[in-house]
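Asks: Below are the sequence and a predicted model for it; my questions follow.
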Amino acid sequence: MRLGEIAERLGCRLEGPADLEINGVAGIEEAGGADLTFAANPKYAPRVQTTGAGAVIVGPDLQAPGRPLLRSDNPYLAFAKAIEIFHPPQRPAVGIHPTAVIAPSARIGRNPSIGPYAVIEDHSVIGDDCVLKSFVVIYRGAHIGDRFLAHAHAVVREDVRIGNDVILQNGAVVGSDGFGFARQSDGSYYKIVQSGIVTVEDGVEIQAHSCIDRATVGETRLRQGVKVDNLVQVGHGCDVGDHTLLCAQAGLAGSTKLGRNVVMTGQTGAAGHLTIGDNVIVTPQSGVPNDIAPGRIVSGSPVIDHTIWLKSTALFARLPEIYRSLRKIREYLVKNGADL
């Protein structure tokens, strides 16, 4: 495909020969002369001149004299769309595999693709253009919108509500029981029936082996555009705001409320029954015990302001030296009669 056509399809400004032939996409280190790559992070700017790529997607201000460029206000997004040009998503053929088990009372929309050994239980409803890979299980009473994609071994539990354009990666579970047990007088635990549901709004993706627990009463809700990474736990009764990111191994204890555009990075946790405001970023391996006001960046366990945490961590390596100095000062003061 010619570079000029790619620029037009991506909405980029072309700087270079429009007839340059591009055959694929690649990372900036691996790209060859027929590949398109990108540089979104300023630290990669010097590599734009040294990469073997035929052309590079860059931001408005990066200078690279003599290199064929596609300029975009969002190079990362433009490259994401370029990948789709050369690797368009493949939809399996329409049809229902003969080994699939579908209850007579289930309702399935137009153009389904249902793979081997998928199970759809009583009174479930699935919209148009769904794709269910092998061993997907849809429990009774689930309601699912259009263009649903569930990869192998994904599970949607009873009475869960899922909107349009939702993707479940392999092994994701939506609607598993919340962790609810009442302690009895003999020290054992009595299981509390998890009578609530999970609601997943439009455009949500839940990646591999993540679990979204149903509420004890009421609902757990993932709002529009939420993205859940692998191995994430969302506890019962949580409310996750629009376009929030829950990165790998993040965990939300029950009744946590997250605002819009929150980023819970890898291995972070929230203690539950708290509110994290809009646009908050919780940095890796941090623990949140209390409410966080909107717009903050926090770090540590328990979390503190990120700038304070950076200063504190810079001191950690110097603690032995600081201790030695303080000990010498103390010894000097004691030697000179100070009353400590």
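Replies: Great, that's in hand.

Asks: ends of stretch 279-287, how far apart?
Replies: Start-to-end span of stretch 279-287 (CA to CA, to the nearest Å) is 17 Å.

Asks: If you count neighbours, what's buried in it?
Replies: Using 16 or more other CB atoms under 10 Å as the test for burial, stretch 279-287 gives 279, 280, 281, 282, 283, 286, 287. Where C-beta positions appear, they are placed from N, C-alpha and C, glycine not excepted.

Asks: Can you convert these into a markdown table and add a column each for pLDDT and secondary structure?
Replies: A markdown table is the format used below for the buried residues of stretch 279-287 (pLDDT from 0 to 100; DSSP: H, G, I helix; E, B strand; the rest coil):
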| residue | pLDDT | secondary structure |
| --- | --- | --- |
| 279 | 98 | coil |
| 280 | 98 | coil |
| 281 | 98 | strand |
| 282 | 98 | strand |
| 283 | 98 | coil |
| 286 | 98 | coil |
| 287 | 97 | strand |
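
Asks: In TSV: those, plus distance to residue 75.
Replies: As requested, the buried residues of stretch 279-287 are exported to TSV (distance: CB to CB, whole Å):
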residue	distance to residue 75
279	23
280	26
281	21
282	26
283	24
286	29
287	34
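
Asks: how does the protein divide into domains?
Replies: Taking automatic domain parsing as the criterion, the chain consists of the domains 3-86, 95-307, 312-340.

Asks: Just say which of those domains is most tucked in.
Replies: Highest mean neighbour count among those (mean count of other CB atoms under 10 Å): domain 95-307, with a mean of 19.

Asks: Could you check how far that one is from the centre of its chain?
Replies: With CA atoms, centre = their mean, to the nearest Å as the basis, domain 95-307 stands 12 Å off its chain's centre.

Asks: hmm, back to that, and which of the buried residues of stretch 279-287 is nearest residue 307?
Replies: residue 283 (11.5 Å; CB to CB).

Asks: list the contacts for the closest one?
Replies: 265, 268, 297, 298, 299, 306, 309 (CB atoms under 8 Å, 6 or more residues apart in numbering).

Asks: Looking at these, which are in strands?
Replies: 297, 298, 299 (DSSP state E).

Asks: beta partners for the last one?
Replies: Just to be clear, that refers to residue 299. Per DSSP bridges, the residues bridged to residue 299 are residue 304.

Asks: what stretches of the stretch 101-250 of the chain score poorly on pLDDT?
Replies: Scanning the stretch 101-250 of the chain for pLDDT under 70 picks out nothing.

Asks: Determine the longest helix present in the chain.
Replies: In the chain, taking DSSP state H as the definition, the longest helix is helix 319-335.

Asks: Tell me which other helices or strands that one touches.
Replies: Taking 3 or more CB pairs under 8 Å, 6 or more residues apart in numbering; DSSP states H and E as contact, there are no helices or strands that helix 319-335 lies on.

Asks: Closest to residue 216 out of the buried residues of stretch 279-287?
Replies: Of these, the one sitting nearest to residue 216 (CB to CB) turns out to be residue 287, at 23.7 Å.

Asks: Where do the helices of the stretch 1-150 of the chain begin and end?
Replies: 3-10, 45-50, 75-86 (DSSP state H, counting those that start in this stretch).

Asks: got the ones you listed as CSV, with distance to residue 106 and mean pLDDT columns?
Replies: Output for the helices of the stretch 1-150 of the chain, formatted as CSV (distance: least, CB to CB, whole Å; pLDDT from 0 to 100):
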stretch, distance to residue 106, mean pLDDT
helix 3-10, 40, 97
helix 45-50, 53, 91
helix 75-86, 33, 96
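
Asks: okay, the ones you listed in TSV with distance to residue 250 next?
Replies: TSV is the format used below for these (distance: least, CB to CB, whole Å):
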stretch	distance to residue 250
helix 3-10	32
helix 45-50	32
helix 75-86	22
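
Asks: for those, which one sits closest to residue 60?
Replies: Nearest to residue 60, of the helices of the stretch 1-150 of the chain and by CB to CB, is helix 75-86 at 9.4 Å.

Asks: Give me the angle between that closest one and helix 3-10.
Replies: On the basis of axes from the mean of the first three to the mean of the last three CA atoms, to 10 degrees, helix 75-86 is oriented at 110 degrees to helix 3-10.

Asks: And helix 75-86, what does it pack against?
Replies: Here helix 75-86 touches helix 3-10, strand 24-25, strand 35-38, strand 55-58, going by 3+ CB pairs under 8 Å, 6+ apart.

Asks: want to try CSV for these, with distance to residue 73 as columns?
Replies: Below are the helices and strands packed on helix 75-86 laid out as CSV (distance: least, CB to CB, whole Å):
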stretch, distance to residue 73
helix 3-10, 11
strand 24-25, 19
strand 35-38, 13
strand 55-58, 11
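
Asks: dump the residue contacts of residue 85.
Replies: So residue 85 contacts 1, 6, 9 (CB under 8 Å, 6+ apart).

Asks: Which single one of those is nearest to residue 41?
Replies: The shortest approach to residue 41 among the contacts of residue 85 belongs to residue 6, at 21.5 Å (CB to CB).
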